[in-house]
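*Asks:* sequence unknown, structure follows:
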């Protein structure tokens, strides 16, 4: 009994190039799905209250970055 063919890519490259091989679309913001929940909570807190806390008052008062 003859061995059967296992795999071939004959004509596949031509078929791929008919519509063109396109780059994957890049998105402005990457999804945060699957990111550490503790990290996400911290990010949300920082975006709501950016200029509060010990470090912002002590270290950035002279630079006027927080406009208090």
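*Replies:* Thanks, I have the structure now. In this text the structure is predicted, and so the values were computed from the model without any measurement.
*Asks:* show me how far stretch 8-28 is from its chain's centre.
*Replies:* Here the centre of stretch 8-28 is set off from its chain's centre by 23 Å, with Cα atoms, centre = their mean, to the nearest Å.
*Asks:* start and end of that stretch, how far apart?
*Replies:* With Cα to Cα, to the nearest Å as the measure, stretch 8-28 spans 38 Å from end to end.
*Asks:* now that stretch: buried residues?
*Replies:* When burial is assessed from 16 or more other Cβ atoms under 10 Å, stretch 8-28 yields no buried residues. Every residue, glycine included, has its C-beta placed from N, CA and C.
*Asks:* what sits up against that stretch?
*Replies:* The contact list for stretch 8-28 (Cβ atoms under 8 Å, 6 or more residues apart in numbering) is empty.
*Asks:* who are the neighbours in contact with the residue nearest the centre of the chain?
*Replies:* Nearest to the geometric centre of the chain sits residue 30, at 2.9 Å (Cα atoms, centre = their mean). Going by Cβ under 8 Å, 6+ apart, residue 30 touches no other residue.
*Asks:* and it, what pLDDT?
*Replies:* pLDDT recorded at residue 30 is 89.
*Asks:* sounds good, over and out.
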